[in-house]
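Novice: this one's structure only:
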Ligand code: GLA
């Protein structure tokens, strides 16, 4: 009873700061500012300024009181940079400020690039890198919220699943390129880097190949043909491929017992990389980057050792360019030191590092049912930490940090039976309404 009334007091007394959202209806003379509902708030105080410090205000927009969750700000200049922020109000009580949203009105003046967009900030670094997003072809319609955010904020894409073998390979030598082509064309026509994911993965073997009744040598020839045809098809259109995904077992640092190991032997990873390299060169692409991609190497040292021994082997034949660290992390693990140690090993091997599937769970132990402020901030710090560590890498080792999905409610995390917390989680940079989260601010801060 005591703790109940205490909680109630906290909820009433501490008015939460609102989250300001990206503007709508941006035109030559204004925009619609938006923000999220705050529990117990009766109104909101909106500030609009032409400078990020809010040292001056647009006339009438110094704590303008608004009952609604949005406001049409008008009478502004075209092609001009504005900022807005908002506070919640409940009679005499006023919350802290929201995040700051940057908006540029349309029009013909010199439009500055928005510094709160991830790729804009990443591109200005001394040693820039790509900021990537996992996508599905159905999201890439011109004008969709995904499309707008991708073009504003991201400089690289990976297919979440539509470029895997079971999606492309219909039968021996027969391919369905339609969906994968759409993803690649989107990247190519919008000046967005395309990372290929993934040629060989034990969880995306098409049924016909699982059932393949030929000899082991014939099986191997099928895999070679697949890799050769796919790399050739996309030569010059894709900058990099995950050649083999998850070849190492979670226990004991041995090779994972997959159909590829069983039918092609212990050298299969090397064979796949060699075929990918040969196909690229034959197609005139001498700079295709080849990655080995895997998960949980930072926390599982036996696995890490095995991955790096594979990398050594591939490196000796000059057929690998980088390692993909998936980084399906959580707000506690891996620790900063573990991530740094993993990165440093890759640096010592002289390979590029792709943080290839980043998401940060906040409910891995299934102990919360709503996204608490505490976890929101912990997640923000964790995003900031990994971006900082990545940004500190030597230029030659950088490639991209790719976020594994856009919206929390579409992330694979809460739905994964394997992860065994089939409830709530909020692992990404945007909420279910495409509003940026504190994690997005954490990413930006990591670039400072
Ligand atoms: C692994 C794969 C990804 C994806 C995730 C789950 O990490 O590499 O392609 O399937 O699992 O979304």
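Specialist: Ah, there it is. All of these numbers come straight from a predicted model, not from anything done at the bench.

Novice: count of neighbours near the closest residue to residue 383 other than its chain neighbours?
Specialist: Once flanking residues are discounted, residue 383 sits nearest to residue 442: 3.7 Å by C-beta to C-beta, 6 or more residues apart in numbering. From N, CA and C alone the C-beta is placed, and that goes for glycine too. Using other C-beta atoms under 10 Å, residue 442 is surrounded by 24 other residues.

Novice: hang on, isn't residue 442 packed against residue 378?
Specialist: No: judged on C-beta atoms under 8 Å, residue 442 makes no contact with residue 378 at a distance of 9.9 Å.

Novice: Which residue does this protein have closest to the ligand?
Specialist: residue 412 (3.7 Å; C-beta to the nearest ligand atom).

Novice: Walk me through the domains of this protein.
Specialist: 20-104, 118-446 (automatic domain parsing).

Novice: Can you pull out the low-pLDDT segments for the stretch 301-448 of the chain?
Specialist: Residue ranges of the stretch 301-448 of the chain with pLDDT under 70: 421-423.

Novice: one more time with 90, if that's ok
Specialist: 415-424 (pLDDT under 90).

Novice: What of the stretch 101-250 of the chain?
Specialist: Ranges of the stretch 101-250 of the chain meeting pLDDT under 90: 104-115.

Novice: How about the residues of it by the ligand?
Specialist: Residues of the stretch 101-250 of the chain lying near the ligand by C-beta under 6 Å from any ligand atom: 161, 197, 245.

Novice: can you map out the helices along the stretch 251-400 of the chain?
Specialist: 259-264, 268-282, 301-316, 336-349, 373-391 (DSSP state H, counting those that start in this stretch).

Novice: Got the phi and psi for the closest residue to residue 169 other than its chain neighbours?
Specialist: Closest residue to residue 169 apart from its sequence neighbours, by C-beta to C-beta, 6+ apart: residue 206 at 4.8 Å. When read as degrees, to the nearest 10, the backbone of residue 206 gives phi -60, psi 150.

Novice: Just the buried subset of the residues of the stretch 101-250 of the chain next to the ligand, please.
Specialist: Burial by neighbour count, 16 or more other C-beta atoms under 10 Å: within these this picks out 161, 197, 245.

Novice: among those, which are in strands?
Specialist: By the criterion of DSSP state E, membership of these in strands covers residue 245.

Novice: I'd like the buried ones among the residues of the stretch 101-250 of the chain next to the ligand written out as TSV, with distance to residue 67 added.
Specialist: Output for these, formatted as TSV (distance: C-beta to C-beta, whole Å):
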residue	distance to residue 67
161	44
197	47
245	52
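
Novice: who's the residue most central in space within the chain bridged to?
Specialist: Closest residue to the average C-alpha location of the chain: residue 403 at 0.8 Å, with C-alpha atoms, centre = their mean. Using DSSP bridges, the bridge partners assigned to residue 403 are residue 133, residue 358.

Novice: I'd assumed residue 429 was in contact with it.
Specialist: Yes: with contact defined as C-beta under 8 Å, residue 403 and residue 429 form a contacting pair (5.9 Å).

Novice: Residue 201 is in contact with residue 164, correct?
Specialist: Yes: with contacts counted by C-beta under 8 Å, residue 164 reaches residue 201, the gap being 6.2 Å.

Novice: The two: who's more crowded?
Specialist: residue 164 (23 against 20).

Novice: Report the separation between that one and residue 416.
Specialist: 17 Å (C-beta to C-beta, to the nearest Å).

Novice: what's the burial count for residue 291?
Specialist: Around residue 291 there are 28 residues (other C-beta under 10 Å).

Novice: Now do the contacts for it.
Specialist: 240, 241, 242, 243, 320, 321, 322, 323, 324, 352, 354, 356 (C-beta atoms under 8 Å, 6 or more residues apart in numbering).

Novice: Now for residue 385: which residues touch it?
Specialist: Contacts of residue 385 (C-beta under 8 Å, 6+ apart): 336, 339, 446.

Novice: now the second one: how far from residue 347?
Specialist: By that I understand residue 339. 13 Å.

Novice: higher neighbour count, the two?
Specialist: Neighbours around residue 339 and residue 347, counted as other C-beta under 10 Å, are more numerous at residue 339. The numbers are 23 against 14.

Novice: these two touch, right, residue 305 and residue 252?
Specialist: No: with contacts counted by C-beta under 8 Å, residue 305 stays clear of residue 252, the gap being 10.6 Å.

Novice: So residue 221 belongs to a helix, correct?
Specialist: Yes: counting by DSSP: H, G, I helix; E, B strand; the rest coil, residue 221 is part of a helix.

Novice: residues in contact with the residue nearest to residue 146 when sequence neighbours are not counted?
Specialist: Among residues not flanking residue 146 along the chain, residue 139 sits closest, at 3.8 Å (C-beta to C-beta, 6+ apart). The contact partners of residue 139, by C-beta under 8 Å, 6+ apart, come to 146, 147, 406.

Novice: which ones are touching the last one?
Specialist: Residues near residue 406 by C-beta under 8 Å, 6+ apart: 133, 134, 135, 139, 146, 149, 428, 429, 430, 434.
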